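Colleague: This is the structure alone, sequence omitted:
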């Protein structure tokens with residue numbers, strides 16, 4: 001049904017009048033982007049006072065744990081409320097049972113402790129999936145070529161408990177195993193971590209946009225097979241709504257759509273149908289495409305970076321995980 005006309009006809013109605021001046025454009029802008037909308041994903045590695053650039057993600061590096069407090073302080077100064085930790089695990093610690101995932105002294109847990117000790121008011125989000133610790137590169141435990149669900153969920157619960165004990169504010173289950181939100185929420189309640197949030201990767205698709213990320217965490221070279229048996233089919237939309245409904249019913253506080261820009265329709269549906277805190281992950285492939293095009297002079301890097309993030313807000317997202325976070329925050333603060 002056509003929307004009824006609620007304005008005069010030309011020339012009485014001239015839409016360009018509202019675009020004529022910067023102050024007026026600001027006044028009638030329908031959506032806004034602020035540093036508080038951003039979560040900054042950060043890669044951590046072993047070593048001392050070092051950073052290794054990631055070739056497939058221009059401008060992004062892996063950092064040693066001792067450098068993270070400075071990054072957290074930078075985030076705080078820019079108004080970015082949260083950092084999300086992703087570990088580059090020593091291949092010697094990757095095993096079939098993925099036991100390094102819940103080692104109290106693994107990279108992620110040391111990173112959480114370092115940040116919370118130095119900058120306690122920054123929220124720390126973690127990743128809950130086994131691929132950084134799995135000799136097969138899969139998000140779950142592999143038995144006879146099958147990624148097994150229930151044994152993986154039990155491992156994820158141990159992983160989540162160790163992260164909560166280390167001081168994590170937000171757990172981010174990105175594994176897409178069935179039943180893992182209920183299991184994690186039950187553990188958090190039982191162990192006295194009632195105030196730890198779960199930001200569930202509820203609609204995570206089996207996407208080709210994750211390649212640079214897998215380079216960053218060292219999973220690309222060890223991945224055996226694909227992830228199609230647990231991540232979602234990119235053709236499906238209604239299934240995403242079922243997955244979000246399931247995770248909310250099991251105790252998720254916030255939900256995630258991943259990847260971001262190719263799935264803005266999913267973001268919009270999720271917000272419209274559930275009216276809960278909804279996030280998107282502007283993943284490594286999205287970031288790399290925009291950065292590479294900008295470096296080649298094919299796109300205005302600043303403009304497309306800001307435009308891409310505003311698209312998430314327009315689609316209804318409350319926040320975005322993005323590698324652009326510090327760069328964007330600096331621009332937004334200069335404009336205030």
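Modeller: Alright, I've got the coordinates. Here the structure is a predicted model, which means the values were calculated and not measured. Numbering: from 1, shown residues only.

Colleague: Next secondary structure after the longest helix seen in the chain?
Modeller: Secondary structure assigned by DSSP state H gives helix 149-166 as the longest helix of the chain. Using DSSP states H and E, the helix or strand that follows helix 149-166 in sequence is strand 170-173.

Colleague: List the contacts of that next one.
Modeller: Identification of contacts with strand 170-173 by CB atoms under 8 Å, 6 or more residues apart in numbering yields 82, 84, 123-129, 156, 160, 163-164, 180-181, 184, 188, 196-201, 254, 256. In this view, the C-beta of every residue, glycine as well, is placed from N, C-alpha and C.

Colleague: Narrow these to those in strands?
Modeller: 82, 84, 123-128, 197-201, 254, 256 (DSSP state E).

Colleague: Just the residues contacting the helix or strand bottoming out on mean pLDDT in the chain, thanks.
Modeller: Ranking every helix and strand in the chain by mean pLDDT, DSSP states H and E puts helix 211-217 at the bottom, with a mean of 88. Residues from elsewhere that reach helix 211-217 (CB under 8 Å, 6+ apart): 43, 54-57, 60, 62, 86-89, 131-132, 137, 220, 223, 283-285, 287-288.

Colleague: Got a PyMOL select line for the buried ones in the ones in strands among the contacts of strand 170-173?
Modeller: The PyMOL selection below is limited to those of the ones in strands among the contacts of strand 170-173 classed as buried (16 or more other CB atoms under 10 Å):
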select buried, resi 82+84+123+124+125+126+127+128+197+198+199+200+201+254+256
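
Colleague: From the ones in strands among the contacts of strand 170-173, pick the one nearest residue 230.
Modeller: residue 201 (11.2 Å; CB to CB).

Colleague: Grab the nearest non-local neighbour of the closest one.
Modeller: Ranked by CB to CB, 6 or more residues apart in numbering and with sequence neighbours excluded, the top spatial neighbour of residue 201 is residue 174, at 4.1 Å.

Colleague: What is the burial count for residue 282?
Modeller: Look at residue 282: counted by other CB atoms under 10 Å, it has 26 neighbours.

Colleague: let me redo that: residue 58
Modeller: Other residues lying near residue 58 total 16 when counted by other CB under 10 Å.

Colleague: my guess is it meets residue 295, correct?
Modeller: Yes - if you go by CB atoms under 8 Å, residue 58 and residue 295 touch, sitting 6.3 Å apart.

Colleague: Show me where the stretch 1-150 of the chain has its strands.
Modeller: 38-45, 51-53, 61-64, 82-87, 123-128, 142-143, 146-147 (DSSP state E, counting those that start in this stretch).

Colleague: For residue 300, which of those is the nearest?
Modeller: Nearest of the strands of the stretch 1-150 of the chain to residue 300, taken as CB to CB: strand 38-45 at 20.3 Å.

Colleague: Show me what the closest one is packed against.
Modeller: strand 61-64, helix 68-78, strand 82-87, helix 107-118, strand 319-322, helix 325-335 (3 or more CB pairs under 8 Å, 6 or more residues apart in numbering; DSSP states H and E).

Colleague: which one of those lies closest to residue 9?
Modeller: Nearest to residue 9, of those and by CB to CB, is helix 325-335 at 35.8 Å.

Colleague: Would you check the distance separating that closest one from the middle of the chain?
Modeller: How far helix 325-335 lies from its chain's middle: 19 Å, per CA atoms, centre = their mean, to the nearest Å.
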